[in-house]
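1. Below: sequence and its predicted model.
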Amino acid sequence: MATFEEQTECIVEALFSDLAGEDGSDCRSLETDSGDPVQSAGEPPTRFDPVVVASRLRQMGDQCNMDFEKVSSEALAEVLKGKMEKFGAAVDSLSRSWSNQNPELVYERVFLSVSVKLLMHVAKKVPSMVQPSQLINVINGNSQVRSYIEACGGWENLDN
């Protein structure tokens, strides 16, 4: 069983592969994924499929309707200029603000949605500045989000 950090890394790598449009022989389209985990012969059945979870994260990001160009945040302004070391601070600030304005939304889900959406937004503007490690570190570094995912039963039980 992979650790939470290892699972997060696999999920983010799958998300980046899809965003980059890379075409590998064993890659599956996130849009058309059936949700059935892939397993090799002789391996025990597994419920964790990073491609399926990445698809769910991408859908969460797609549901985020925040216009980053119109949001006033110092950390966000730095990120939009390509200063990715402020990515975590920008995501946390935007997530808390959005959660406070919409109390019906769960902070942890907003955090995941905003982090994926902001990463996709920056990747379109400054693709050379975006690395999987930025999203991996932001998710793994937020104990509140990690606790939420673990309380759901792990990444494989995170629905959208």
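-> That came through fine.

2. ok, and the closest non-adjacent residue to the residue sitting nearest the centre point of the chain?
-> In the chain, the residue lying closest to the centroid (CA atoms, centre = their mean) is Val116, at 4.3 Å. Excluding its sequence neighbours, the residue lying closest to Val116 (CB to CB, 6 or more residues apart in numbering) is Gly61, at 3.1 Å. To be clear about C-beta, it is placed using only N, CA and C from the backbone, and glycine gets the same treatment.

3. got the contact list for the one you found?
-> Leu112, Ser113, Ser115, Val116, Lys117, Leu119, Met120 (CB atoms under 8 Å, 6 or more residues apart in numbering).

4. Go again with 7 Å.
-> By CB atoms under 7 Å, 6 or more residues apart in numbering, the contact set of Gly61 is Ser113, Val116, Lys117, Met120.

5. now, which of those residues lie within helices?
-> Ser113, Val116, Lys117, Met120 (DSSP state H).

6. Show the backbone phi and psi for Val71.
-> Here is the backbone geometry of Val71 (degrees, to the nearest 10): phi -90, psi 140.

7. Distance check, the nearest residue to it once chain neighbours are set aside against Tyr148.
-> Closest residue to Val71 apart from its sequence neighbours, by CB to CB, 6+ apart: Leu94 at 6.6 Å. The gap separating Leu94 from Tyr148 is 17 Å, by CB to CB, to the nearest Å.

8. between these two, who's got more neighbours?
-> Between Leu94 and Tyr148, counted using other CB atoms under 10 Å, the more crowded position is Leu94 (25 against 17).

9. thought the more buried one was touching Ser73?
-> Yes - with contacts counted by CB atoms under 7 Å, Leu94 reaches Ser73, the gap being 6.4 Å.

10. before we move on, back to that, so what's the predicted local confidence for the residue nearest to Val71?
-> Predicted confidence (pLDDT) at Leu94: the value is 95.

11. Could you check how far it is from Arg47?
-> 32 Å.

12. so for the helix or strand harbouring Leu19, what's the average pLDDT?
-> In the assignment (DSSP states H and E), Leu19 maps to helix 4-20. The average of the pLDDT scores along helix 4-20 is 92.
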